[in-house]
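Trainee: got a structure for you, letters missing:
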């Protein structure tokens, strides 16, 4: 490599030392075609030695995997704050991603992983749904009650009681890693997360603490729905609670048809709103979606973005299937995790 560089610089130096062509008697020729030919000759010599020939400009225009992804990208336009989206149709495997690999604040969407970690302990015989744990008020509630409050009402004290029961944030991260989910990072309990809220503007900066990517959360929900990591009984507990979620009615469920079932979990912090969920169409197909919205001027505007993106994803997957010979995608009966 060094020898090649020396040869190249030597060639360039030789070019610089080549005497200029003698001037022609006709000044018009010297400054016209003859001079142009001389310049072209020198340029060609430089190109041969330095590889500086003119190349076509690279195309940096946006490209999309499908018309649906293009439609979602338009709705997730982030001039007023970052918006991350990921979704997958579990019946076909078709996926959509817009900033799907960028980290966003999980806020309360992390509570799904906390609950799943506890349910995995139940499956292993290390815990039970009837075990009771204290919340900050000093009251004792069963694990089942804590799970219900954590998901359906997004109760922070109930979540922290479950988090303490599993041993803190590290066991939750470890459970996610065993499930193959790398872009998931839980660092604080909910009380501390709320106390620190506002330190970083998520619309302008990425804070890796308590963050995940939309793709990672889609993988998390897909695995739960498909029974990859939990027993059928534990899967039923978490999905049933998500179907009864009382928060975020203006988010994923807002624009869905009446015959669609939505199992979801919301998240809200300073200048950020999110919703992750499983949308089940009347034909039985399950669509997993994660939408994280920052900025947009207000919480109302963020929720409207989530609702419109979720509906676009639903229509993009379901409407083309309406002409699929009436095929029905029945909900699968999943076996025991690990079997």
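Mentor: Now that the structure is in, tell me what you want to look at. These figures come from a predicted structure and were not determined experimentally.
Trainee: where do the strands sit along the stretch 51-200 of the chain?
Mentor: Per DSSP state E, counting those that start in this stretch, the stretch 51-200 of the chain carries strands over the ranges 83-89, 95-98, 104-105, 132-134, 140-142, 184-185.
Trainee: from the opening residue of stretch 67-85 to its closing one, how far?
Mentor: Terminal residues of stretch 67-85 are spaced 15 Å apart (CA to CA, to the nearest Å).
Trainee: how about that stretch: buried residues?
Mentor: Buried residues in stretch 67-85, counting neighbours by 16 or more other CB atoms under 10 Å, are found at 68-69, 71-73, 75-76, 78, 81-85. Any C-beta I mention is one placed from the backbone N, CA and C, and that applies to glycine too.
Trainee: hmm, which two among these are most spread apart?
Mentor: 68 and 81 (22.6 Å; CB to CB).
Trainee: so where's the stretch 101-250 of the chain uncertain?
Mentor: The stretch 101-250 of the chain contains no residues with pLDDT under 70.
Trainee: would you state the helices of the protein in chain order?
Mentor: Using DSSP state H, the helices found in the chain span residues 2-17, 27-30, 33-50, 67-75, 111-123, 143-152, 156-166, 169-178, 190-196, 214-225, 232-243, 299-318.
Trainee: residue 120: which of the buried residues of stretch 67-85 is nearest?
Mentor: Nearest to residue 120 among the buried residues of stretch 67-85, with distances taken as CB to CB, is residue 84, at 26.7 Å.
Trainee: what sits against that closest one?
Mentor: By CB atoms under 8 Å, 6 or more residues apart in numbering, the residues touching residue 84 are 76, 98-100, 102, 104, 213-214, 290-292.
Trainee: so residue 269 makes contact with residue 196?
Mentor: No: look at residue 269 against residue 196 with CB atoms under 8 Å: they stay out of range, at 9.6 Å.
Trainee: which residue of those two possesses the greater neighbour count?
Mentor: residue 269 (20 against 15; other CB atoms under 10 Å).
Trainee: tell me the contacts of that one?
Mentor: Applying CB under 8 Å, 6+ apart to residue 269 gives the contacts 105, 107, 193, 197, 202.
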